[in-house]
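Trainee: no FASTA, just this:
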Ligand SMILES: Nc1ncnc2c1ncn2[C@@H]1O[C@H](COP(=O)(O)OP(=O)(O)OP(=O)(O)O)[C@@H](O)[C@H]1O
Ligand SMILES: [Mg+2]
């Protein structure tokens, strides 16, 4: 018998044991096509999204590829001490750590446990003027357009041997450069779209309504961008959001700032003034912050598991920062996890959707119980 469990991953990581009051009977899917049909209808509003992407973005040579290699399974991006080392994006799969998967797997005596996964994309470094073609230019802004959320890596470590493209470590200036490039690129796109909309091609009343919603949203977004603010700072109705969605605006994407620190700052990152600066900016910009040392994480992947704990202890920390980074990214993407659990396997499914969505795939065709954690 398989079980289907739904949960919201981020707020409660270990909420087992299960709450019997929330148990409900799951319909028998294996023998009834009618059951399957009604299940599909019931679940149609939930988008099963196995390929949501988080883009690793930042100035050149700040540690993006080093982080990518540490975080993805078998990451082999070239990481080296020179700007523009990365040109083509590197894409890799990341498993989301979740202790509940293993608890469920043990309860069901499953043969295997399959975690949820997300995709990370390591994107070429951006420099001032990228929107005008500087550095690697516009093509690389378009790679950011394709991701669903942004991890902005900010250099917070001093090291005279590692080149900084602006000549000195300055997180505020680095963040401003990246954010302004994204703003300029969006502004360009919004203005082009507004020109097109002036022609008013909509024929029927529904398309006209959508066009009007898009126009009014774009006017507000344009104003915010001209003030140097991101598009996500504009308050829009759901209808307006939907109307501008096709533009994939860069500054509409949610952001987490990743403060990349020296190994000596891992134990107490808040005592590092660079990290404090990023922390303040992140909260001003209503974005998340995660502190990691990409260099340490890369070194950890080279060590046998038993030596990793010793190494972390020697740096004054208990665990690698990657778990936090992955969970924060998962939360940023607005993802939820549903579990199916049986003797064959316990599996964490990823879905994106609003409240109270339930997901099902053709392969969870066993009758059983479902419960919410
Ligand atoms: N926390 C850190 N402490 C010290 N050195 C680091 C740290 N993180 C990364 N580095 C070093 O910085 C250099 C640049 O790293 P990496 O190639 O990952 O940067 P990048 O952002 O991907 O650059 P590019 O934009 O050119 O592709 C490497 O030599 C790497 O070892
Ligand atoms: Mg790189």
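Mentor: Right, received. Where do you want to start? Here the structure is a predicted model, which is why all the values come from computation and not from measurement. Residues are numbered from 1 along each chain as shown. Ligands and ions are numbered 1, 2, ... in the order given.
Trainee: how about the strands of the stretch 151-300 of the chain, start to end?
Mentor: Using DSSP state E, counting those that start in this stretch, the strands of the stretch 151-300 of the chain run over 255-260, 288-292.
Trainee: what does the stretch 1-150 of the chain give?
Mentor: Under DSSP E, counting those that start in this stretch, the stretch 1-150 of the chain gives strands at 3-7, 23-26, 47-48, 53-57, 90-95, 112-114, 117-122, 149-155.
Trainee: list the helices and strands the last one packs on?
Mentor: Where contact means 3 or more Cβ pairs under 8 Å, 6 or more residues apart in numbering; DSSP states H and E, strand 149-155 is packed against strand 53-57, helix 171-198, strand 255-260, helix 273-284, helix 322-332. Just so you know, the C-beta spots here come from the backbone N, C-alpha and C atoms, and that holds for glycine as well.
Trainee: quick one, what contacts the residue in the stretch 101-250 of the chain that ligand 2 sits nearest to?
Mentor: Nearest residue of the stretch 101-250 of the chain to ligand 2 (Cβ to the ion) works out as residue 122 at 5.9 Å. Contact partners of residue 122, counting by Cβ atoms under 8 Å, 6 or more residues apart in numbering, are 56, 64, 65, 67, 68, 77, 86, 89, 90, 91, 92.
Trainee: sort the residues you listed by pLDDT and name the bottom one.
Mentor: The lowest pLDDT within the contacts of residue 122 belongs to residue 86, which sits at 81.
Trainee: okay, the helices and strands packed on strand 149-155 in a markdown table with distance to residue 132 and mean neighbour count next?
Mentor: Shown next, in a markdown table, are those (distance: least, Cβ to Cβ, whole Å; neighbours: other Cβ atoms under 10 Å):
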| stretch | distance to residue 132 | mean neighbour count |
| --- | --- | --- |
| strand 53-57 | 18 | 25 |
| helix 171-198 | 8 | 18 |
| strand 255-260 | 23 | 26 |
| helix 273-284 | 25 | 17 |
| helix 322-332 | 29 | 20 |
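Trainee: dump the strands of the stretch 151-300 of the chain to a markdown table, plus distance to ligand 1 and mean pLDDT.
Mentor: Shown next, in a markdown table, are these (distance: least, Cβ to the nearest ligand atom, whole Å; pLDDT from 0 to 100):
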| stretch | distance to ligand 1 | mean pLDDT |
| --- | --- | --- |
| strand 255-260 | 5 | 96 |
| strand 288-292 | 8 | 93 |
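Trainee: circling back: turn the helices and strands packed on strand 149-155 into a markdown table, columns for distance to ligand 2.
Mentor: A markdown table is the format used below for these (distance: least, Cβ to the ion, whole Å):
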| stretch | distance to ligand 2 |
| --- | --- |
| strand 53-57 | 8 |
| helix 171-198 | 15 |
| strand 255-260 | 12 |
| helix 273-284 | 20 |
| helix 322-332 | 17 |
